[in-house]
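1. Can you look at this prediction? I've put the sequence above it.
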Amino acid sequence: MAPTDQAQNYSRAQLKQKGIQLYREKKYEDALAMFDAALIGEPILDILDNRAATLTRLRRFDLALKDGRDMCKIFPDNVGAYVRTGRILELMHKDDVALKIYQRGIHRLPQDKVHGQGVLLT
């Protein structure tokens with residue numbers, strides 16, 4: 001049975017876990033099918049991120065970038081969304097745009113993390 005056929009029998013959490021398992025096995029097309037099925041309905045940040053990573057492995061950068069930008073739009077306070085999107089842009093050789101995305105992500109960090117003993121200084 002193909003992964004897309006199996007997907008109907010799983011919950012979102014199970015689809016995510018199955019997608020992660022397939023990704024680790026380097027079965028990226030099958031992992032993508034699981035993440036696609038898990039994203040039917042409302043978007044969930046970690047599943048979008050997993051799908052973006054999978055699309056990146058498959059070198060489908062335009063689709064990975066769409067997921068990255070969706071993450072930034074839907075979850076604007078999640079710094080990881082900006083990091084993922086910036087990495088994809090770098091792989092696309094769009095370093096100037098990647099830098100702007102990274103800067104937006106930095107601005108989303110709580111100020112104590114930017115200037116204190118936080119994320120950027122550790």
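-> Noted; the coordinates are in hand.
2. The residue lying closest to E90 once chain neighbours are set aside: neighbour count?
-> Of all residues not flanking E90 in the chain, A98 sits nearest, at 4.7 Å (Cβ to Cβ, 6 or more residues apart in numbering). In short, each C-beta sits where N, CA and C put it, glycine included. Using other Cβ atoms under 10 Å, A98 has 19 other residues around it.
3. Okay, and A98 sits in which element?
-> helix 95-108 (DSSP states H and E).
4. Pull out the CA atoms of that helix and give them to me as CSV.
-> Output of helix 95-108 as CSV, limited to C-alpha atoms (Å, rounded to 0.1, in the frame of the first residue of the first chain):
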residue,chain,number,x,y,z
ASP,A,95,21.9,35.7,0.2
ASP,A,96,20.7,39.3,0.4
VAL,A,97,17.1,38.2,0.9
ALA,A,98,18.2,35.6,3.4
LEU,A,99,20.0,38.2,5.4
LYS,A,100,16.8,40.3,5.6
ILE,A,101,14.8,37.3,6.8
TYR,A,102,17.4,36.6,9.5
GLN,A,103,17.2,40.2,10.6
ARG,A,104,13.4,39.9,10.8
GLY,A,105,13.9,36.8,13.0
ILE,A,106,16.3,38.6,15.3
HIS,A,107,13.8,41.4,15.8
ARG,A,108,11.3,38.8,17.0
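5. Fine, thanks again, bye for now.
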